[in-house]
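Asker: Provide a 3D model corresponding to the input given below.
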Amino acid sequence: LKRPCAAPLSSAAALSHSAPSCTCSGEEASWELGASLRPSDSRRRLPLHARSSLRGQCPIHAAFPGQRRRPPPLVAGSFQARKTMAGDVSGPGGSGRAGISPKAGQDLPTRFVCQACGICVATSEALQETRDDVAVFRRLYSTEASMEKGTKTVACPGCESALGTRGDNMFTLRRDRVVKRLERLEILVCSLKQQEISDLSPVLRESFPHCNISTKVLLKAELRGFQLSGQRPNPDFVVVVHRNEGRALLTDRNGFYHDVLGSAWQQTRGNVLVVLTRAAPKADTDLFDQQMLRSLSTQGDQPTIGAISALGRVLTWESAPSKPQLKQLQLLTAKAYFREPPAAAQGIPGQWSKPMPKVAPSASAWCALL
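Answerer: Okay, the predicted model is just below:
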């Protein structure tokens, strides 16, 4: 391989010359001439692969192996970055449903929910087509949206209403029974202390950006018999945060938040989270202080908080959540966003699991309609 410079170059003089810098991109190699090329040799500004006898190897890389360029850094707009932001069902933080990641709140698919109960039945990722009064999907979001026995009817996993039919590996749902929802996740954060609300709100927003956060400072005088029925906007996910300052009275007969959690559980179908600060778990991988929760549920006359923690809906930390707790928070917010059917739970009061009573329109409302 001949050097582009015609003049002889000794090893000592080579140190004073700058080597040609290669801009080889792989299949097509071009090069930029360094100071070793005289102006009169401008005719040599040619791709060298055609003249190379090194089995197609870039001559610059062969002659100057130290000049090989480093790969470009990963940028936000690259394919790999977009793939990471889109979520991976096998990676941490994914919701496990069609690669949907709660972290990428801006890229979440559109939800198609049951008009009767609001549970997500399908998403825009699986939408095949829409025709007149039906929408056709390749798959359903909820694996529990099963067919009635002996028929091909698709039933809602929440209220068991008939939503459509199945045939030829497609799901045809009626558009008058399955509606599209574009709203953000409505999160309500409650506490007896404003500082706890202020500290937790940024954590929630970072975990699930596609949300609106409302706050409410609770008063001890209003805790007994508390109801969320008049809260606007209607929350999809309720977080109760409590600062641990000794004996934690959370649920049941003497608990501060028993009626708050009961009303929230009933209204959101179990999409509730209890956060205790100044109570770090003993192990980094634990979601909560197991010894503390066991003591509260078995010796502190608060069995309900033990049942809630068994569902993964209690987090305790000192001042900030750990990585496993952040992943759990992302999972819970995603479940609330897609209104997944509540899991069967032991130890949850029966009154909490009853559906919300439908309020009849008042006389003034009828007059307004007329």
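Asker: for A307, give me the pLDDT.
Answerer: pLDDT for A307: 94.
Asker: what does the one 10 residues further on give?
Answerer: The predicted local distance difference test score for W317 is 96.
Asker: how about S124?
Answerer: The model reports S124 with a pLDDT of 91.
Asker: just give the nearest non-adjacent residue to it, would you?
Answerer: Nearest residue to S124, sequence neighbours excluded (CB to CB, 6 or more residues apart in numbering): T110, at 3.9 Å. (C-beta placed from N, C-alpha, C; glycine too.)
Asker: hang on, the one you found packs against T123?
Answerer: Yes. With contacts counted by CB atoms under 8 Å, T110 reaches T123, the gap being 6.5 Å.
Asker: the more surrounded of those two?
Answerer: A direct count of neighbours by other CB atoms under 10 Å for T110 and T123 places T123 higher, at 21 against 12.
Asker: look up how far L188 lies from that one.
Answerer: 25 Å (CB to CB, to the nearest Å).
Asker: just R253 next, same as before
Answerer: Per CB to CB, R253 is found 25 Å from L188.
Asker: for the two, indicate the residue with more neighbours.
Answerer: Set side by side, R253 and L188 give different neighbour counts by other CB under 10 Å, the larger being at L188 (23 against 8).
Asker: confirm that the more buried one lies within a strand, as I assumed.
Answerer: Yes. Residue assignment for L188, taken from DSSP: H, G, I helix; E, B strand; the rest coil, places it within a strand.
Asker: specify the beta-bridge partners of it.
Answerer: When bridges are called by DSSP bridges, L188 pairs up with S214, V238.
Asker: tell me the helix or strand right after the lowest-mean-pLDDT helix or strand in the chain.
Answerer: The helix or strand with the lowest mean pLDDT-type score in the chain, counting by mean pLDDT, DSSP states H and E, is helix 79-86 (a mean of 30). Following the chain from helix 79-86 toward its C-terminal end, the next helix or strand by DSSP states H and E is strand 111-114.
Asker: pairing partners for that next one, with directions?
Answerer: Paired with strand 111-114 in the same sheet, following DSSP bridges, are strand 120-123 (antiparallel), strand 178-181 (antiparallel).
Asker: to E245, which of those strands lies closest?
Answerer: Between E245 and the strands paired with strand 111-114, the shortest gap by CB to CB is with strand 120-123, which sits at 39.0 Å.
Asker: for the helix or strand that the closest one is followed by, buried residues please.
Answerer: Toward the C-terminal end, the helix or strand that comes next after strand 120-123 (DSSP H and E) is strand 127-131. Going by neighbour count (16 or more other CB atoms under 10 Å), the buried part of strand 127-131 is L127.
Asker: send me strand 127-131 as PDB with only the CA atoms.
Answerer: Output of strand 127-131 as PDB, limited to C-alpha atoms (Å, rounded to 0.1, in the frame of the first residue of the first chain):
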ATOM      1  CA  LEU A 127     -56.600  -1.800  16.600                       C
ATOM      2  CA  GLN A 128     -57.000  -3.400  13.100                       C
ATOM      3  CA  GLU A 129     -59.800  -1.200  11.700                       C
ATOM      4  CA  THR A 130     -63.100   0.600  12.500                       C
ATOM      5  CA  ARG A 131     -66.200  -0.100  10.600                       C
END
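Asker: tell me which other helices or strands that strand touches.
Answerer: For strand 127-131, the contact count by 3 or more CB pairs under 8 Å, 6 or more residues apart in numbering; DSSP states H and E identifies strand 134-137 as packing neighbours.
Asker: show me where this protein has helices.
Answerer: For the chain, the helices identified by DSSP state H occupy 11-14, 59-63, 79-86, 194-207, 258-268, 290-298, 303-310, 323-337, 350-353, 363-369, in order along the chain.
Asker: take those helices and lay them out in JSON lines including distance to Q231 and mean neighbour count.
Answerer: Listed next are the helices of the chain as JSON lines, based on distance: least, CB to CB, whole Å; neighbours: other CB atoms under 10 Å:
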{"stretch": "helix 11-14", "distance to Q231": "77", "mean neighbour count": "9"}
{"stretch": "helix 59-63", "distance to Q231": "66", "mean neighbour count": "19"}
{"stretch": "helix 79-86", "distance to Q231": "33", "mean neighbour count": "12"}
{"stretch": "helix 194-207", "distance to Q231": "15", "mean neighbour count": "16"}
{"stretch": "helix 258-268", "distance to Q231": "8", "mean neighbour count": "22"}
{"stretch": "helix 290-298", "distance to Q231": "27", "mean neighbour count": "18"}
{"stretch": "helix 303-310", "distance to Q231": "20", "mean neighbour count": "21"}
{"stretch": "helix 323-337", "distance to Q231": "15", "mean neighbour count": "21"}
{"stretch": "helix 350-353", "distance to Q231": "17", "mean neighbour count": "12"}
{"stretch": "helix 363-369", "distance to Q231": "19", "mean neighbour count": "8"}
